[in-house]
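Q: no sequence on hand, only this structure:
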């Protein structure tokens, strides 16, 4: 049953379970979310105490929230956190006061250009309280006395993150990271969380050349914390992707690692080029998701960011419209396939040596070539055989060859297997 | 008389003599063809015994054919090798049998999309027999009993090839190679055979910086054989071209050597850029003519392929339409001129040192500059003088300078001679 | 008063003072011009004796002219040097003769395609005499006897040039050079002379990282002479520009140094890209102004040529139409601003080291970041802070960072100051 359901549907169902939870960079919302994931993959859940020094930062106090509302002059609840997690400014400190409209407005956040939507706002590192609401409602607020109530706590506690390490044949690692701090935003980033969960499940079942590390962490402070506590381990990271924004209908966007021409950069571009999906590739910029930390100059890890629509580029971004209607199972499914193909390229990107480098070997006598010569149908497989032979000189990997030949990696890989099987290639 | 006739006409006349001969990768057709060439240039004709190991291959048995026909149910010869060499599957083994139509059809080759043409088909390395015919005729074949007869032999013998070595001032060689195995195809490759024959004749008459080696060889097995028997000599090959498809009306096509930026690649591109003819340049691919062998990774020789229409790209390719009407003297002539200019660039591509590198020398006092200054006519020769002076710093050859200056090589060469004559340049 | 007037107006006023003087590559015209400049900047005026060997050249004899005219058959002066300096072929030797029309015509220079304009012509290195006149007038000359009179001298004397050296904090120099040999041509090159004069005045007032050398020299022979006499000093030249053609209405043209990717090349391109003005950039060619000598292979200095309309590209070039109407104060002003910004980039192009290279530092606690997170307005200054942090790895200068970030140098510089002030960056 499980196996026959499209993975996109399963990814979507997981996102549905996670959507109602109010997450932040710390607190029970993260813990609950990780517990949900633990039903899918055997996650290690780490707790890092508030105040722990992590490079230039300190792990912040833990925030938890139970209730938050605003009563209007007429006494009715006009904003209520129970109706939408986004209504409260994330990391709001507790308050219970009666205040006038103008004082209240200094604590209200809206989107004047998208007047029906609730914005997503946070104040992690500066104590504040506030509410987010549709601009339409904001404009209709009457003069009078308001009662504001936020039952939250901001106290020493922990930063919580999930980690799943899948050992492979070598210590070289592929890092996949998703941020898990956004409350009730579906594309950003339940899509990424869900995709990595199912990617991990699939990789559990395979022979792995690389080890794989999956991180489910709060944005920014989570990656900083992980890097500070695991600096030694970063030496093993050979390839990596930050996963986010993977359920919307947009074309794919790949933001290269800071290195710009790392194998992961070339692998993702190769897969996208042959995917049949629209895509664009952009150079690294020091803004975006956790690749900002992985690609800081002191680490400079080969980690890119593979999304569909890019960071901040779609109207639903960081609003109440980034919901379970915006994300669709078929888009999650396609994204999953692209990630899987990237893994296949990384896993299969070996180099071979042509054992018969002087002139072409006689493919025909090994059953690798057409018997009737003289006609010009350049068959893809025959071309792949010739490319692999011609470029297996010790300086080209299969990905190099696929790029040079302009054909899909899988075809070049298949050609290399046929040639190795015929004794014409040896792995380097 | 000989000198006044356009070389294109002479090249065409040679192609006319060679066209009726039924060539293959071995056999009397090749021998007869090389004897024809020997009347033009003092070719060495080499015979390599069947079975000789040449890298991964063995020299095949020698194939000769005398007669081949099919009689229809009515007893008349409906296909006859005497009418067209292409009618027989090249390397067909002998046969004489009566068979039904369906069994016959398994041995017939046609071009359904070009129903009037006879295809060119071979079966060198898998014993088979067959006939090639127009699809129109094939479709009209009646049921009934057919008599097939092929009087051929496939026996131990020799692989035959022609070689002409013209020594020059240095041991560095320019390799020119043409395949000579195609029966009654004019563009592919009597055009190449003919062009190289007359290029060799012309180079006999000149002072040569380089030595020149001309190969007239069967495709694939011929270059493999030559490389296997002459591996030592390949060290001297500094530049090379495979000549083919040089008589059709198409624009020029240059396929770069595997190195991609060898001097031959840059020389050919330079000549084509300034030729006034349409042309395109493509990167190396491991498919095509004998450059496949010269550019195999164990040799990686700087050998490109300069044709007019490219391999497999024109409808007449490998059909009975690639005949003496398709090839025209004026196209052969233009191709010859391009090859000659490439040789001129290779021969003249020296580097010089500016003996007065600090500031410009005073060209006026040496008669190398306009007397009346202040006007802006940038004359091509004056610019060439300035470019040669400015870039003759030990790091730029004349071809480098011509490319950078965007002017024809001959002009830069002329400027270098004037400057050397004035004592301003010294050869490096 | 002086400070409040736009620099463009002051530059134009200087050009007005210089325009009537008849300059050449030697002689009183140059001396008078340099004396005018000396009222603005404390120029050193150098006199180099005729005959001095300067590389392949010798300093020519000094030319001076007092009077020059042609009387027509009717006895009236039909051409008179007093009416326009361009009427006489520059460096004409003295003459006083009566000659017929056809002999006269061998000494007349016109522009048939611009029949109303007087051309600018010289004959420095070949003794000659001549007159320049509108082609319209030339065509109407009647048959008859003409009286030609040139009261000039061509005698041993000196080549005169001006030099102003402004020491800075280091010995590394920025070289600015303008040719001062053209008589009564406003754009070519009073615009360049005037711009450098006011640039020097401005730089006098600033703290300077670099030393600055301003040359006001006759074209070609002046730069050759300076280079021959100051070869040692060229080692200190880190950046340089030849200034000319800076008062016309055309877009900017930057001709790169021979090196092609020197810091000066990148600085000028950066400034032009962010200037809002139309511009084009071209590779070095060995023709043009004194960059020909500075970029000769024996020196290969990083010196480009920054003009508005380029050398020889506008109809007024080297004619009487290159006058004070063609040059406008606002164009001079804009050119000045571009030169000033280039200097600002050169002066400010330091490299820093990120002192917190592992992950991003917490900008918020230092007042360098927005307090309310979650919204996507990528503010330019915040991006600049992130770029400087990310690329300050010891391998990128601020100009490198500005180019990579695609933002103006000044913004990156401002970000670097803020970060250095916060203790996050250290100069390298």
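A: That came in fine, so what should we check first? These numbers come from a predicted model, not from an experiment.

Q: residue A:420 - how many residues pack around it?
A: The burial count assigned to residue A:420 is 17, neighbours taken as other Cβ atoms under 10 Å in any protein chain shown. Placement of C-beta: from N, CA and C, glycine included.

Q: next: residue A:426.
A: That count, for residue A:426 with other Cβ under 10 Å as the rule, works out to 12.

Q: what residues does the stretch 251-400 of chain A have near chain C?
A: Proximity of the stretch 251-400 of chain A to chain C (Cβ under 8 Å from any Cβ of the partner chain) is limited to residues A:258, A:285-287, A:292-293, A:295-300, A:311-312, A:317-318.

Q: just the buried residues of these.
A: A:258, A:285-287, A:292-293, A:295-297, A:299-300, A:311, A:317-318 (16 or more other Cβ atoms under 10 Å in any protein chain shown).

Q: what does the pLDDT read for the residue nearest the centre of chain A?
A: With distances taken as Cα atoms, centre = their mean, residue A:243 lies nearest the centre of chain A, 1.0 Å away. Per-residue pLDDT puts residue A:243 at 98.

Q: what's the closest non-adjacent residue to it?
A: Closest residue to residue A:243 apart from its sequence neighbours, by Cβ to Cβ, 6 or more residues apart in numbering or on different chains: residue A:192 at 3.8 Å.

Q: from chain C, how far out is the one you found?
A: 17 Å (Cβ to the nearest Cβ, to the nearest Å).

Q: just how off-centre is stretch A:318-335 within its chain?
A: Taking Cα atoms, centre = their mean, to the nearest Å, one finds the center of stretch A:318-335 at 14 Å from the center of the full chain.

Q: neighbours of residue A:113, just the number please.
A: By other Cβ under 10 Å, 8 other residues sit near residue A:113.

Q: which SS state does it fall under?
A: With DSSP: H, G, I helix; E, B strand; the rest coil as the basis, residue A:113 sits in coil.

Q: ok so, going back, got the contact list for the residue nearest to the centre of chain A?
A: Counting by Cβ atoms under 8 Å, 6 or more residues apart in numbering or on different chains, residue A:243 makes contact with A:176-178, A:189, A:192-193, A:195-196, A:306-307, A:339.

Q: cool, residue A:41 as well?
A: A:164, A:197, A:200-201, A:204, A:214.

Q: try 6 Å this time
A: A:164, A:197, A:200 (Cβ atoms under 6 Å, 6 or more residues apart in numbering or on different chains).

Q: by neighbours, which of those residues wins?
A: Highest neighbour count within these, by other Cβ under 10 Å: residue A:197, with 26 neighbours.

Q: how near is residue A:192 to chain B?
A: Using Cβ to the nearest Cβ, which is the criterion applied here, residue A:192 is 38 Å from chain B.

Q: name the element that residue belongs to?
A: Residue A:192 is part of helix A:191-204 when elements are defined by DSSP states H and E.

Q: so for that helix, what's the average pLDDT?
A: 98.

Q: what does stretch A:15-33 give?
A: Mean pLDDT, computed over stretch A:15-33, is 98.

Q: what residue ranges in chain A score low on pLDDT?
A: A:1-3, A:370-378 (pLDDT under 70).

Q: how about the helices in the stretch 251-400 of chain A?
A: A:263-273, A:291-294, A:329-348, A:380-391, A:398-405 (DSSP state H, counting those that start in this stretch).

Q: deepest in the core, which of those is it.
A: Using mean count of other Cβ atoms under 10 Å in any protein chain shown, the stretch among the helices of the stretch 251-400 of chain A with the largest mean neighbour count is helix A:291-294, at a mean of 26.

Q: and that helix, how far out from the chain's middle?
A: On Cα atoms, centre = their mean, the centre of helix A:291-294 falls 12 Å from that of its chain.
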